[in-house]
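A.B. asks: From the sequence below, what's the structure:
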Amino acid sequence: MARLVQRERNMTEPGARAAALQEADHCVKCGLCLPHCPTYRLYRTENESPRGRIALTEGLLSGHLEADDPLRRHIDHCLLCRNCERHCPSGVRFSRILDVARAELGSNTGLARWLDNPLASSAARIAAGIPLPGSLGRLARALPHSATGPACGTHEPRSSPRGRIGLLLGCVTQHQQAGALNAAVTLLNALSYTVEIPEGQGCCGALAAHQGNPQLAARQVTANREAFGKADRILAIASACALQMRETMAETHPMDIVTFLADELTESNLRFQPPEGAVSLHVPCTLHNGLRETESLIRLLKVLPESQPTLIGEAGDCCGAGGTHLLTQREQAEQLRKPFLEKLLELAPRYLLTTNIGCALHLAEGALKAGIKVEVLHPTELLARCLITGVE
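C.D. replies: Here you go, the predicted structure:
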């Protein structure tokens, strides 16, 4: 798939530009981030490292570097996995610098068609019996599909409600991982929570924010803030959405559903049966490096009896999905995915659990392409399957 490079120039706010330069000034160029950067490990060039990209961004924002194709390519290659942030001794918030660099370069106009739920329309075509060729077709059919996700509105528990939880559907999750949303409603209702799924909600804003369109991202955040105005708390299925909401809608108390359920289920009287087969686990960058809540995921899965999930890859190492990279940077994405698939082939589990929709699609598509028989699920899906009903 050809890389999309046509761009529409944005006007970066002077305050955002100044803040990015100030953040970049905190980088002491020590290089401790380099061994933790997936693109530096892949290309072994300074410009494909966090330190190199910070220098490029400083040059761009100060007017000393032109926005030419090589500079764009180095900025585009970054997966924003935030592994550099986790290991930076100076606490540099690298993701904020890169977001401003991409806004300065301008939004990728060819990317607009990917931001408009490409996988949703592809899934609909496949459901209608219309085959799709290549990687997009494999992506659209890689995950197990339920007929429909939960309807917008109020989903009441059978017992007296303990609180009101807003559930973010997610722009891709609602079409590609509807089973995870249904499972979330099942588990939250079993915990005696009312689940509100308001109309008017939309994308969390992460895709637009990280692809050079902060104006669109701001509009999406405003729409969600208005839609979820009555919820006590907002939960997201995808850890990338939870991270974006935590950084843009902190006043609404957003959480990743894994963290919320880890606290709730370990203290509840709900019971679960063992899963029907071995379980492997992938810990996305957004959960480990962004939210820093890997421990919650491990704790949550302990409610499943006789289950000892095995990790594929190190927690927080990027599988290559990187937001839209699984679509726009196919060669790089597949190279970074390869060791995860090799480990999956070695372990041969019945289930692979991951908390982010992009990672789920990317890994499931790779397994399908390689002939690896594994069911890729969000943890909520396996928990709902194993829930012993009638016990509360």
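A.B. asks: what about residue 226, distance to residue 253?
C.D. replies: 16 Å (Cβ to Cβ, to the nearest Å). The C-beta positions use only the backbone N, C-alpha and C, and glycine is treated the same way.
A.B. asks: With residue 225 instead?
C.D. replies: Applying Cβ to Cβ, the value for residue 225 to residue 253 is 12 Å.
A.B. asks: Which parts of the stretch 101-250 of the chain are strands?
C.D. replies: Per DSSP state E, counting those that start in this stretch, the stretch 101-250 of the chain carries strands over the ranges 107-108, 153-155, 163-168, 193-197, 233-236.
A.B. asks: So for residue 203, which of those sits nearest?
C.D. replies: The closest of these to residue 203 is strand 163-168. By Cβ to Cβ, the value is 9.4 Å.
A.B. asks: what's the residue closest to the geometric middle of the protein?
C.D. replies: Within the chain, the residue whose C-alpha comes closest to the C-alpha centroid is residue 240; the distance, by Cα atoms, centre = their mean, is 3.2 Å.
A.B. asks: which SS state does the closest residue to that residue other than its chain neighbours fall under?
C.D. replies: Setting aside the residues directly before and after it, residue 240 is nearest to residue 286 in space (Cβ to Cβ, 6 or more residues apart in numbering), at 4.4 Å. State at residue 286, reduced to three classes by DSSP: H, G, I helix; E, B strand; the rest coil: helix.
A.B. asks: repeat for the one 3 residues further on
C.D. replies: Using three-state DSSP, the secondary structure recorded for residue 289 is helix.
A.B. asks: Report how many residues lie close to it.
C.D. replies: Neighbours of residue 289 under the rule other Cβ atoms under 10 Å: 25.
A.B. asks: That one and residue 83 touch, don't they?
C.D. replies: Yes. In terms of Cβ atoms under 8 Å, residue 289 counts as a neighbour of residue 83; the distance is 5.3 Å.
A.B. asks: Common neighbours of those two, please.
C.D. replies: Here residue 289 and residue 83 have residue 316 as joint contacts, going by Cβ atoms under 8 Å, 6 or more residues apart in numbering.
A.B. asks: any idea how far residue 20 is from residue 197?
C.D. replies: Between residue 20 and residue 197 the distance, using Cβ to Cβ, works out to 36 Å.
A.B. asks: again with residue 313
C.D. replies: Shown here: residue 313 relative to residue 197, a distance of 33 Å by Cβ to Cβ.
A.B. asks: Let me see the backbone angles for residue 281.
C.D. replies: The phi/psi pair for residue 281 (degrees, to the nearest 10) reads phi -130, psi 130.
A.B. asks: Excluding residues flanking it in the chain, which one is nearest it?
C.D. replies: The shortest distance from residue 281 to any non-neighbouring residue, by Cβ to Cβ, 6+ apart, is to residue 309 (4.2 Å).
A.B. asks: Please verify my assumption that that neighbour contacts residue 277.
C.D. replies: No. With contact taken as Cβ under 8 Å, residue 309 and residue 277 are classed as non-touching, separated by 11.5 Å.
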